[in-house]
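Participant: Got a sequence here, can you build the structure:
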Amino acid sequence: MTLSMQSKKSSSFWSEHWQKVLALVFWVSIIGAYFYYSQVTGLSTTEILRRLTRFMMHPVFGPALFILLYTVRPIFLFSAGVLSIASGAFFGPLGILWVVIGANLGALLAYVIGRYFGKGLLDDTAEERTLVSKYTNSMRERSFETIFLMRLLFLPYDFVNYLAGFLKIDWKAFLLATALGSLPGTIAFTLFGASISLESVLDGARPEFNPWILVSAVAIFLASLGVSRILRRRETNAAV
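Facilitator: Numbering: from 1, shown residues only. Predicted structure coming up:
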């Protein structure tokens, strides 16, 4: 094998798997940092979580770190839903604001990555081929409406971001549809987190919930699903 062939093969591997490699490095670093910190300080897992919780609840540094983490989250393959729930647990209902900012910045980052480095981002799986064939033409012709519906349907968040960039759809329509379409889910997941008592969890006791906030979160989530079904039915009927 010639040097140029080896270089092309290496470049092809990196273009297809760079995100997974970065995610692996990130998580290994996080786990390594945790074990190092616990060994140096002698703190238990519970006490480390308590300190992390107190730091995240800081009125300035906590939201700033959270927004940063949410922005780079698509690169490291971390769940948007889990972070949204964590925001509610850390910041209460105010966490909705931090999720909206972080989620839209993260969506824009993934869109840019998909637009300029799209090759290899979308795995050639049967599920993703189906999604692509179903929404590609619609995303190009009716960008706002299609992405808005995809957000309400809770389709894979980062997949939609990367696909939108890969197809080079209008970024303004993408951001507006993402902000509006993701809002019901953002509110529902964040309120669910806000309903959880962190103290009860850190104490190792049975989690305690604020029933009113929990009911509100579930109601908004179900309403979002109901609206998405109605819109999808209308879209299907219009296409017939």
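
Participant: what is the rounded mean pLDDT of the helix or strand where Ala219 lies?
Facilitator: Using DSSP states H and E, Ala219 sits in helix 211-239. Averaged over helix 211-239, pLDDT sits at 80.

Participant: Which elements pack onto that helix?
Facilitator: Helices and strands in packing contact with helix 211-239 are listed as helix 143-152, helix 171-194; criterion 3 or more CB pairs under 8 Å, 6 or more residues apart in numbering; DSSP states H and E. No exception for glycine: its C-beta is placed from N, CA and C like everyone else's.

Participant: And the helices in this structure, which stretches?
Facilitator: With helices called from DSSP state H, the chain shows them at 3-41, 45-56, 61-72, 80-91, 95-116, 126-141, 143-152, 157-166, 171-194, 198-202, 211-239.

Participant: could the ones you listed be laid out in TSV, adding mean neighbour count?
Facilitator: TSV is the format used below for those (neighbours: other CB atoms under 10 Å):
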stretch	mean neighbour count
helix 3-41	11
helix 45-56	13
helix 61-72	17
helix 80-91	23
helix 95-116	21
helix 126-141	14
helix 143-152	22
helix 157-166	24
helix 171-194	22
helix 198-202	14
helix 211-239	14
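
Participant: Pull the contacting residues for Gln39.
Facilitator: Listed by CB atoms under 8 Å, 6 or more residues apart in numbering, the contact set of Gln39 is empty.

Participant: Spatially nearest residue to the spatially most central residue of the chain, not counting backbone neighbours?
Facilitator: Nearest to the mean C-alpha position of the chain, by CA atoms, centre = their mean, lies Ala80 at 2.7 Å. Nearest residue to Ala80 in three dimensions, chain neighbours excluded: Tyr157, at 4.9 Å (CB to CB, 6 or more residues apart in numbering).
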